[in-house]
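Asks: what follows is a predicted protein model with its sequence.
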Amino acid sequence: MLLWQVCNYRNQDAVIALVGIKTNSFQFGYSYDVTISKLAGNTAGSHEISLQIQMQCKPKKKKYRTISCPSF
């Protein structure tokens, strides 16, 4: 299991904090955007959650098409 965190400063208008957990079969993340521009009084920021599930898929069988050799 892996726990990750990121803090990002974007275009001088927002700070984004991101935390999450990642295992072999799923990934969960939570982020919060804090507005730091002149719009800060009008917006309260935003929350976001994400969930990713890794499913095991069967590999595709390779299909070979044979070509007949000409006979002379």
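Replies: Perfect, I can see it now. Numbers count the residues shown, from 1 in each chain.
Asks: mind listing the strands for the chain?
Replies: 2-10, 14-22, 26-35, 46-53 (DSSP state E).
Asks: give me the pLDDT for residue 13.
Replies: Residue 13 is assigned 73 on the pLDDT scale.
Asks: which one is residue 14 nearest to, not counting chain neighbours?
Replies: Nearest non-adjacent residue to residue 14, counting by CB to CB, 6 or more residues apart in numbering: residue 33, 5.1 Å away. The C-beta positions use only the backbone N, C-alpha and C, and glycine is treated the same way.
Asks: next: residue 35.
Replies: residue 43 is the one closest to residue 35 (CB to CB, 6+ apart), at 4.8 Å.
Asks: that neighbour reaches residue 37, doesn't it?
Replies: No: applying CB atoms under 8 Å, one finds residue 43 not in contact with residue 37, separated by 9.2 Å.
Asks: check contacts around the residue nearest to residue 14.
Replies: Applying CB atoms under 8 Å, 6 or more residues apart in numbering, we find residue 33 in contact with 14, 15, 16, 45, 46, 48.
Asks: how about these in CSV, adding neighbour count and distance to residue 56?
Replies: Listed next are these as CSV, based on neighbours: other CB atoms under 10 Å; distance: CB to CB, whole Å:
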residue, neighbour count, distance to residue 56
14, 18, 37
15, 14, 38
16, 16, 32
45, 14, 37
46, 12, 34
48, 11, 27
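Asks: from these, which single one is nearest residue 23?
Replies: Of all the contacts of residue 33, residue 48 has the smallest distance to residue 23: 20.2 Å, by CB to CB.
Asks: many thanks, I have nothing further to ask.
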